[in-house]
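Asker: Following is a predicted model, sequence given first.
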Amino acid sequence: MDRADLQREWHALSKPWIDEVRFGRNAVRAGLLDKLMLDLCGDVAGLRVVDCGCGEGRFCRMLAARGAAHVLGLDLCEAMIAAARELQSDNEEYRVADVQELSFLADETVDLAVSYLNQCDLPNIDANNREVFRILRPGGRFIIANLHPMRSASGFWHRDSEGKKLHVILDRYFDEGERHWTMLGVNFTNFHRTLATYLDSFHAAGFRLERLVEPTVTADELERYPELDDELRVPNFIIYALSKP
């Protein structure tokens, strides 16, 4: 798919996604990923941050509220950026931009970059990794939450005749490329890659892998968000904590 096709899909998804983020439960983020992402970002006070694929700005607002000096949210979806600007604080900025091409940002001017479930939507992760490495200061970090490659390969459960989940289907793992899904009633496209492809891309860009986290849920989180019970059985997501030497 070309960029225009992907943009049309995300424009169609923008309204239901904004509603879900702002008025829904958003269990995956609120109950599973947010705490891990914030912990891995660490103390952001006084930092300059770039959020690759910021959507309607939710995580940018969280980082700004924790004292980041400047948070720049980037997304190709104009409707998402417009929504983000509605709630932005003085230390937030939002821009319609392709995170695979960041020529408008100078070398070594950013302390922290995040990608919160965005790289799985990018046709070219190598370009994003190279650009983020370029704009990060030495010692800067890149925190990436992504679909787990085991789950992005197929993503479906094998069920019995009564619909009970028996096990996850792992198939077409080495067949990298487009995957087509439906989320919030909208058809959209993202991209499956193997774990080795991701790690090789990080290494080629120059990053050092500091931590790799396969999130699961605690008993307290599961009590609040029982719909996350799958997270006890399979790794649906993965988080990479990278640094620039």
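Answerer: Yep, that arrived.
Asker: What are the contacting residues of the longest helix seen in the chain?
Answerer: Secondary structure of the chain per DSSP state H: the longest helix is helix 3-23. Here helix 3-23 makes contact (Cβ atoms under 8 Å, 6 or more residues apart in numbering) with 26, 29, 55-56, 58, 76-80, 83, 98, 121, 123, 183-189. All C-beta spots, glycine's among them, are computed from the backbone N, C-alpha and C.
Asker: next helix or strand past it?
Answerer: Next along the chain after helix 3-23, taking DSSP states H and E as the criterion, comes helix 27-28.
Asker: how far does that next one sit from the chain's center?
Answerer: Averaged C-alpha coordinates place helix 27-28 at 13 Å from its chain's average position (Cα atoms, centre = their mean, to the nearest Å).
Asker: hang on, the earlier thing: and the longest helix of the chain, what's buried?
Answerer: Of the residues in helix 3-23, 6, 9-10, 12-14, 17-18, 20-21 count as buried by neighbour count, 16 or more other Cβ atoms under 10 Å.
Asker: Reformat the residues you listed as TSV; add distance to residue 170 and pLDDT.
Answerer: Listed next are these as TSV, based on distance: Cβ to Cβ, whole Å; pLDDT from 0 to 100:
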residue	distance to residue 170	pLDDT
6	26	90
9	26	94
10	28	92
12	30	96
13	27	95
14	32	96
17	28	96
18	33	97
20	28	94
21	30	93
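Asker: which residue ranges form the strands in the protein?
Answerer: For the chain, the strands defined by DSSP state E cover 48-52, 70-75, 92-96, 110-116, 136-147, 157-159, 165-168, 177-183, 186-192, 208-213, 237-243.
Asker: quick one: contacts for residue 123?
Answerer: 1, 3, 6, 100, 191.
Asker: ok, 7 Å please
Answerer: Taking Cβ atoms under 7 Å, 6 or more residues apart in numbering, we find residue 123 in contact with residue 191.
Asker: Let me know the distance separating it from residue 1.
Answerer: Relative to residue 1, residue 123 is positioned 8 Å away (Cβ to Cβ, to the nearest Å).
Asker: nearest to residue 104, of the strands of the chain?
Answerer: Evaluated with Cβ to Cβ, these place strand 92-96 nearest to residue 104, the distance being 8.0 Å.
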